[in-house]
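Peer 1: After the sequence you'll find the predicted model.
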Amino acid sequence: MNQKDERELEKPETWDFEHPQVREPAKASRVVVSVAFRREDFMLVSASAEQSGKKVSEFIRKAALEKASGQGAVTFLRGSGSVGTVWWADRTPVTRVNAYELAVLKEEAATTYG
């Protein structure tokens, strides 16, 4: 398209408001990245993606974005016992934790586990 045609299209008096053209929205631009995995690691990622009902690419993209944005799963350590302490980890997804709840969790941890 030349500059004359573009200038003509920019004039509101040439617009056809009675017969608008419906078009599909443009897709957001994307970047394709190649990532190398050891075969065993890929098998683990692939199985986890399948278990969660996602394609491998979707699973990797979501995991990377969660990690980069600080969202996703957080590991909480909990302990119990009288003679010794037994620790185990829970992988709990972070969904809605407000500042008060976070302060309470920190206080409980400091009080319980010093």
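Peer 2: Ah, there it is.
Peer 1: any residues touching stretch 39-52, and which ones?
Peer 2: 37, 55, 56, 58, 59, 60 (CB atoms under 8 Å, 6 or more residues apart in numbering). Just so you know, the C-beta spots here come from the backbone N, C-alpha and C atoms, and that holds for glycine as well.
Peer 1: Buried among those residues? Need that as a selection in ChimeraX.
Peer 2: Burial among these is assessed by 16 or more other CB atoms under 10 Å; the matching ChimeraX selection reads:
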select :59,60
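Peer 1: Now do the strands in the protein.
Peer 2: 72-80, 86-94 (DSSP state E).
Peer 1: what's the model's confidence in the last one, averaged?
Peer 2: Spelled out, it's strand 86-94. Strand 86-94 comes out with an average pLDDT of 50.
Peer 1: And stretch 9-21, end to end?
Peer 2: 14 Å (CA to CA, to the nearest Å).
Peer 1: before we move on, the earlier item: let me know the closest of the contacts of stretch 39-52 to residue 16.
Peer 2: residue 58 (40.9 Å; CB to CB).
Peer 1: what's around residue 48, how many residues?
Peer 2: Neighbour count for residue 48, taken as other CB atoms under 10 Å: 14.
Peer 1: sorry, that was for residue 109
Peer 2: Neighbour tally, residue 109, other CB under 10 Å: 14.
Peer 1: when you give positions from now on, start the count at 46
Peer 2: All right, first residue 46 from here; so that's residue 154.
Peer 1: Okay, the closest residue to residue 59 other than its chain neighbours and residue 99: tell me how far apart.
Peer 2: Spatially, and ignoring its direct neighbours in sequence, residue 59 is nearest to residue 53 (5.9 Å; CB to CB, 6 or more residues apart in numbering). Separation of residue 53 from residue 99 (CB to CB, to the nearest Å): 48 Å.
Peer 1: just residue 48 next, same as before
Peer 2: Taken as CB to CB, the span from residue 48 to residue 99 is 47 Å.
Peer 1: Looking at these two, which has the bigger crowd around it?
Peer 2: Neighbours per residue, other CB under 10 Å: of residue 48 and residue 99, the larger number sits with residue 99, 15 against 7.
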